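S.K.: Prediction below, plus the sequence it came from.
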Amino acid sequence: MKRIKFKRWKNSFKTFLFAITMFVMCGYSFAQKTITGNVSDDSGPLPGATIVVKGTSNGTQADFDGNFVLNNVNEDDTLVFSYIGYASQEILVSGQSQMNVVLLEDTARLDEVVVVGYGTAKKSDLTGSVASVSAKDFEKQPLNDVSQALLGRAAGLQVTQNSGTPGGDFKIRIRGANSISGGNEPLFVVDGQFLDISAVNVNDIQSIEVLKDASATAIYGNRGANGVVLITTKRGRPGKATINVDVFTSISKPTTRLDLLNGIEFAEAAIEQEGVSIEDSTLFTQEQLDELRANGGEDWQDRLFRTGFANNVQVSASGGSEDIDYYISSNFYEETSTIQAQKFRRLNVRTNLNAKLSKRLKVGMNLNIGREERDGIIGNLSDALAFSPTTFAFNEEGELNLFSENDLGTTALNPLVPVNFNLRESTTDRYNITANLNYDIVKNLVANISAGVVRSDIHNNSYSSLRAGGIGRANVDNIYRTNLFNTNRLTYTVDLGERSNLKIDAVHELVINQFNRADIDASNFFTDLVTFRDLSAAQVQIAQNNESRRELESFLGRANLSLLDRYLFTASIRADGTSIFQNDRVGYFPSASFAWKINQEEFLKDSKSINNLKLRLSYGQVGNQSINVFGTRERARLDEDINYPFEGNLAVGVAPSNRLANPDLTWETTEQINAGLDLGLWNSAVTFSFDYYKKNTTDLLLDTQLPDFVGPTRQFVNAGEILNEGIDINLGTRILRNDDWNINSTLTISRNRNEVLALNDGLEFIEIGQNVSGFSGTPLNATRIEVGRPISSLRGFIFDGVWQLGEEDEAAAFGRIPGDARFRDISGPDGVPDGVITTDDITVVGDANPDFTWGWNWDISYKNLNLNFLLTGSQGNDIYNLQNARLLGVFTRQTNPTLGAFRNRWSTTNPSNVPARVDGAQTLSSQFIEDGSFVSMKNIVFSYNFNQKVTDALGINNARLYASAQNLFIITDYSGFDPETTASVNNEDVDLGLDINSVPLNRTITLGLNVSF
Amino acid sequence: MKSIHKGITAVLLLFLAISCSDLEEDTRSLLTLDELSSEGDIVASVAPIYRNMLDIHRQPHVLRTATFGGDDLTTSPRRNKVAFRVFDGFDYGSGENSDIIALPEAWDTYWQTIYFCNTLIDGLKTATATEEEIALGDAEARAFRAYCYLHLVKTWGNVPLIVDGVTPTGDEQRATVVENYEFIENDLLIAEQNLPDAGSESEGRISVSFAKAVFSDLYLTWAGWPVQDETKYEAAAQKSRDIIDAGFHELVPIEELWTLEGAVSRESIFSLRFPADASILSAFPTAFSGVESRGFNDAFPELQFFFDFPEGPRKDFTFLEDIPNRRVRGGVIVDRDPPTIPFEDTENQKPYYRKFTLAEDLTINSRPRGLRPIEMYRYAEILLIYAEAQARIGQTASSIEAFNQVKRRAAGLPYLVPDPTVDVTSATPNEVVDEKGWELAGEYKRWFDLVRTQRVAEVTARRLSDEVIPLTRQPSEAQFIAPIPFSAINLSQLEQNPQGFRIR
């Protein structure tokens, strides 16, 4: 049925194409005079700058050397000089025939053409909510990841770094989380290609547009619900070739350490837990204790932390002629981890090439090839923190101790053992190729065809050595992903006169994602020599593989109408058909938006103070289809965990599906309204942008969980509703701009309120967060999704301090004694307190969603000096400090406390509220809820531009020397490593604010030099 | 120029034409269980059932969590043994500690096995394999489903009945204990019809002896707490007698019983096996070893139980009093000096269960592991079930002979040869139960016997005062069943114990 509709549409599409080819528009103008001149900026000519007679279509472009000739100009005409990224200048001709113009960079960039998805638009003509981040905003700071470029620079966009490990992982969210099980990662589009963000070299980026509201994202249909990040890479500028070399080198150290017990403190606490006196303890001899007292114990943080180094070299060449432009770059980045001991390397080569074959035909190709290597194992920091300081890393023979003596602290392996004995090598190779063709079929009708391949090959190899106390295990995991896309677009523009025009886009798109994986486990090696390089040395080899494919075919229509250059209307509809669903495959996603450029109205047109005032309204529906292949189907299980050795060797087993089929499953829909206001004052000295939005996500792709005992426990259903409501504020100020000084600041503030409005079948809650038992040992879930609350609410018992002396009787009623944790009895089987602490007493103890987050970027130049820094912050979010809880010995994964806070444990002489008896029977409670608000000096860079005298003498254009610091300081009350790294477990939004296995960020000092010639 | 124009228009149309998808999901790599057409299909379907049983039973500490109240088990006062301490010290009974670690694992695994069995039973209804193959697959699935249900009921009381051919909703409610028993009985009636005689089963799989063993276990339980339908003793005697009369099973000499080599013997009614390539390991030696021996420090006998245990070869092969003193060096387990320590001088001051460490292998892991098959039922237990059931309804010569056979083997004597030094002429039911406690010490039996015979309080009263795990309370009936794991209560309509406990 849906299929037929598609065909019909395709037919009418062809008719449309035919009709448009019949449509011809003509225009004539008369003139008297010729103007010649030159357009440049402070660093040289601006080839391609446009010179237009105001109010007409008479115009030309500056040539290779910035020179231009413009005919047919009247004496009373005004010429408009413009260039992307520069403030336009309007100059009255009045007698001049030679005009040399120097354009200044425009910080507000209202005339800039921005990418909006399937085409471009003038920034001032946008009707949707789009945040732009230009390379100019971040290029002063030494970055190695695209996420860093986005951090703190776009309102409504939340970027959090989850760890300080090399090639660190980031979580990016646009306007909160819409989905529970469907994923909340935005869609990344790089030069029209659908890519993983890590595939892009940040130094190659020209600009980033963040599409936030539904009118902007609806053109991406069932993949647009989480917002879209459009990345445009650099291209050559016609003119002399420019070679740019940027080299920087960094040293890093973890920002913080935890306060842990030293050897003797740990030993005394361990003995105390035994309930015996020091003399009677079998744990330590008196000599050992004396030794610990005199010389301390092992400092496991010292053992694991180290100074990390990084080097980055970026070389690019760009330039072009009138017909061909090119940008070629190469980047090499290497980094060593600040936790023993991994080495990360990345090599990236890009070629962007555009050629104008004829007046009507342009072609282009972007080629990006990259390789990432990770070598070595990062030691398990949580195990190091948990390890007994009374066991030294090395024994008296200089060999690594494998385990803690007597299993004190933890039963885990010495974290240095895998680091030293085991191997891990991972490589990722990526090839991205896009070719595009742009053809003016007739005047005003342009066809654009692009097609591309994204291929990534991932090889993860690891080996766990015999020397690490095992039997020798190797894993070889090969993953191959191939993404193909083809986008065909027709754009028809018509000038309606009176500064009005209409633009219509029709797009057809096909996206195919293929996935193949082959995974081999081998064990029982007789030697450590060959490791994963020759699995034949292992007695047991188990191979598994799988493959999948998903397809998406789409049609998109979009119309932009601009009336009197004042009233802007955009409407679009996208039809998406996806292979991922069975019965309901095709979805339609409409949007409409309106913007009113109030400053173009007569009453404001000549205002000296208000140069931009725009009101925007939009509405749209966007979808989310991101479930796994076969997510709607039952799939019999085949894996090594269900094989059984009837006759000695494992016989293959087949187990029934853990998932119930749902052939009626379909996409989830997010409906969003947005109202925004853009204001520019005093020639954009102050720019202010405010957006209010409200998103309702319905038919959630909910991976419901049935209780384990019923059999199949999972099923994807469409159910429930989630609300996200918030505001984005962007305030840019040009505080000072004169010959010597240039001071700008940009403040972004984002506030999002998230609420679960409904779940399936009237359920009040579901629990699908990661069970934290692997980390802690408690089968309790730390988070829950509850109607009337944000997606992730933190749950536990209410901690009422410690039972004190004098409260023995009360404590005894709960089977406790003074020194034990005191939990509040708030309920029972009948909903009233029952005098027993049971799971009925678990309640919501915290909310990990911040009230607001912000970023504040300052750029201060004085003559040749520049200071650029970025402050970021988060307010009002709770963190569940489970790392502390574990280190206090609260959970069974920790056998004795190691945290410094345990010094203040309760005793008869120290009536504190730190429980003294920690035997693992304690559990998740409000004791570990902390305020996670923070202010962080994310990045500060100080740079010096060499004088022209120097650069001329050296024969170069520009030279800039810079020094920077990342994560210089953080202001927070949080007692764990870093409030930022707790943003989520595995990037899941159902588990916000859990500090589990968190790793501190690094404080990095960088020194760099940028030279162009 | 015109030709270029045409060419490009052609390219454009070509792209539109070829760039089309039928959007059908490619399901060629998707395996479904729609049709079981051969013996191979059925074997592949029963394999996960056996594997699930292996995976939970090879972790004795985890499996036994809710049975630490028995006098054959106690644990370390230290560190991460909290779940075992909760049950050893009876810190439960009103819904508390349902969120303790380890408790859900047996629950989850037994239920998942039931799901596997349900799916197979349902799939066999439309299978195209031969009638015999279908009947055998069905019988195996029912026998294991019965076993799982029986142990769920023994541990947690009445449970919901999730059966074949019904799509679950999550709204399932607990049935009554009697309904559970009747369901198990029905499965076993079918299973015992179609399972092969002992000795004629395919290697590694169950014979009719397993179904009958579960059957006798069911009836013995049914006759005791909580249903206390004493008419079931006769049925228990009948089912155990069937196994004895079949004449296939034997007792093996006590010194061979717990060795790796002696494992696959006629004493096994059914045992779970490990693969020859050692890709799956037993945690028995680990769980039952202390920290000195690189063990988990999980489970030891209570001292009173150890002292009460009658002297003789069986005691020598059940307990280890000289504790191995070891460390790990260069990735392998090596002895320290001295290589052994008397148990009184160890951290836990308890002997080990030698029966579970005798077959340990120190070369495959940094902790002691093993590959000895795991006994689900041994012939000795069948003899004792028969002896007890008859002792309750009227002792016979054959029932006292069954009892004596176990005692003779325990004394290191040929078990079939009467020997006046160990033989008795009569035994009270409690004497048989105690003998069973010794014979099957640590084997996941004693606690259930104490509950069924309501002797938990009596035995706990004898507990030595220097046992280090504190008793939160003296046990009563509220402690006979464990709290249902919170993970199951939380997501379902099940009512927690004791509120949800229904006998009839």
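M.R.: Looks like it arrived, so ask away. Every value quoted in this text rests on a predicted model; they were computed, and no experiment measured them.
S.K.: Quick check: residue A:633 touching residue A:661?
M.R.: Yes: under the criterion of Cβ atoms under 8 Å, residue A:633 is in contact with residue A:661, at a separation of 5.1 Å. Heads up, the C-betas are built off the backbone N, CA and C, glycines and all.
S.K.: Distance of residue A:737 relative to residue A:862?
M.R.: Spatial separation of residue A:737 from residue A:862 under the definition Cβ to Cβ, to the nearest Å is 12 Å.
S.K.: correction: residue B:146
M.R.: Residue B:146 sits 85 Å away from residue A:862, going by Cβ to Cβ.
S.K.: now do residue B:464
M.R.: Distance of residue B:464 to residue A:862, given as Cβ to Cβ: 83 Å.
S.K.: Equivalent analysis for residue B:429, please.
M.R.: According to Cβ to Cβ, residue B:429 and residue A:862 sit 98 Å apart.
S.K.: Check residue B:364 too.
M.R.: Going from residue B:364 to residue A:862 by Cβ to Cβ gives 69 Å.
S.K.: show me where the stretch 51-200 of chain B has helices.
M.R.: Residue ranges of the helices in the stretch 51-200 of chain B, as given by DSSP state H, counting those that start in this stretch, are B:60-63, B:82-88, B:103-124, B:131-156, B:177-194.
S.K.: Mean neighbour count, the ones you listed: which tops it?
M.R.: helix B:82-88 (a mean of 26; mean count of other Cβ atoms under 10 Å in any protein chain shown).
S.K.: Between the two ends of stretch A:136-148, what distance do you get?
M.R.: Its first and final residues considered, stretch A:136-148 spans 14 Å by Cα to Cα, to the nearest Å.
S.K.: same check, this time on stretch B:93-112
M.R.: For stretch B:93-112, the first and last residues are 26 Å from each other (Cα to Cα).
S.K.: same thing with stretch B:339-357?
M.R.: Length of stretch B:339-357, first residue to last, Cα to Cα: 16 Å.
S.K.: In its sheet, which strands sit next to the one helix or strand residue A:752 maps to, and in what direction?
M.R.: Secondary-structure assignment from DSSP states H and E places residue A:752 in strand A:741-758. Based on DSSP bridges, the strands next to strand A:741-758 in the sheet, each with its direction, are strand A:721-737 (antiparallel), strand A:852-862 (antiparallel).
S.K.: tell me the mean pLDDT over stretch A:126-138?
M.R.: Across stretch A:126-138, pLDDT averages out at 86.
S.K.: Can you name the residues of the stretch 351-500 of chain B sitting close to chain A?
M.R.: B:364-366, B:472-473, B:485-492, B:494-496, B:499 (Cβ under 8 Å from any Cβ of the partner chain).
S.K.: Of residue B:429 and residue A:862, which one has the most company?
M.R.: residue B:429 (17 against 12; other Cβ atoms under 10 Å in any protein chain shown).
S.K.: show me what contacts that one?
M.R.: Shown in contact with residue B:429 (Cβ atoms under 8 Å, 6 or more residues apart in numbering or on different chains): B:388, B:391-392, B:453.
S.K.: which of these sit farthest apart?
M.R.: Maximum pairwise distance among the contacts of residue B:429 (Cβ to Cβ): 11.8 Å, between B:391 and B:453.
S.K.: just to revisit the earlier point, starting at the chain centroid, how far to the strand holding residue A:752?
M.R.: The offset between the C-alpha centroid of strand A:741-758 and the centroid of the whole chain comes to 16 Å, using Cα atoms, centre = their mean, to the nearest Å.
S.K.: Let me have the strands paired with strand A:741-758 in JSON lines, adding distance to residue A:479 and mean pLDDT as columns.
M.R.: Written out in JSON lines, the entries for the strands paired with strand A:741-758 read as follows (distance: least, Cβ to Cβ, whole Å; pLDDT from 0 to 100):
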{"stretch": "strand A:721-737", "distance to residue A:479": "32", "mean pLDDT": "92"}
{"stretch": "strand A:852-862", "distance to residue A:479": "34", "mean pLDDT": "93"}
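S.K.: How about the secondary structure of the residue in the stretch 251-400 of chain B that chain A sits nearest to?
M.R.: For the stretch 251-400 of chain B, the nearest residue to chain A under the criterion Cβ to the nearest Cβ is residue B:366, separated by 3.0 Å. Of the three states, residue B:366 takes coil under DSSP: H, G, I helix; E, B strand; the rest coil.
S.K.: What about the residue lying closest to residue B:371 once chain neighbours are set aside, how many residues nearby?
M.R.: For residue B:371, ignoring the flanking residues on the chain, the nearest one in space by Cβ to Cβ, 6 or more residues apart in numbering or on different chains is residue B:274 at 4.4 Å. Counted with other Cβ under 10 Å, residues neighbouring residue B:274 total 22.
S.K.: How about the contacts made by residue B:274?
M.R.: Under the criterion of Cβ under 8 Å, 6+ apart, the neighbours of residue B:274 are A:645, B:54, B:58, B:280-282, B:371-373.
S.K.: Skip the chain neighbours and tell me the closest residue to the residue in the stretch 251-400 of chain A that chain B sits nearest to.
M.R.: For the stretch 251-400 of chain A and chain B, the shortest gap (Cβ to the nearest Cβ) falls at residue A:282, measuring 5.7 Å. Beyond its immediate neighbours in the sequence, the residue positioned closest to residue A:282 (Cβ to Cβ, 6+ apart) is residue B:347, lying 5.7 Å away.
S.K.: circling back: so what's the residue of the stretch 251-400 of chain B closest to chain A up against?
M.R.: Contacts were defined as Cβ under 8 Å, 6+ apart; by that measure residue B:366 touches A:402-403, A:469-470, B:294, B:328, B:331-333.
S.K.: go on, residue A:540?
M.R.: The neighbours of residue A:540, taking Cβ under 8 Å, 6+ apart as the test, are A:521-524, B:277-279.
S.K.: show me where pLDDT drops low in the chain?
M.R.: No chain in the question, so chain A it is. A:1-31, A:42-43, A:85, A:105-111, A:168, A:770-771, A:919-922, A:983-987 (pLDDT under 70).
S.K.: Oops, wrong one, chain B.
M.R.: Along chain B, the model assigns pLDDT under 70 to residues B:1-21, B:32-34, B:79.
S.K.: Point to the residue nearest the middle of it.
M.R.: Residue closest to the average C-alpha location in chain B (Cα atoms, centre = their mean): residue B:57, at 5.1 Å.
S.K.: and the nearest residue to that one once chain neighbours are set aside, bridged to which residues?
M.R.: Leaving aside its sequence neighbours, residue B:57 sits nearest to residue B:374 (Cβ to Cβ, 6+ apart; 4.9 Å). Under the criterion DSSP bridges, residue B:374 forms beta bridges with residue B:272.
S.K.: same deal with the one 4 residues further on?
M.R.: Beta-bridge pairing for residue B:378 (DSSP bridges): residue B:268.
S.K.: Excluding residues flanking it in the chain, which one is nearest residue 259?
M.R.: Assuming you mean chain A. Nearest-residue entry for residue A:259: residue A:900, 3.3 Å, with adjacent residues in sequence omitted and distances by Cβ to Cβ, 6+ apart.
S.K.: Wait, chain B was what I had in mind.
M.R.: Excluding its sequence neighbours, the residue lying closest to residue B:259 (Cβ to Cβ, 6+ apart) is residue B:359, at 5.8 Å.
S.K.: Comparing residue B:391 and residue B:453, which residue is more hemmed in?
M.R.: When neighbours are counted by other Cβ under 10 Å, residue B:391 comes out ahead of the other of residue B:391 and residue B:453, with 24 against 18.
S.K.: what helix or strand does the more buried one sit in?
M.R.: Assigned by DSSP H and E, residue B:391 falls within helix B:379-393.
S.K.: Quick one: name whatever helix or strand follows that helix.
M.R.: Using DSSP H and E, the next helix or strand after helix B:379-393 towards the C-terminus is helix B:397-410.
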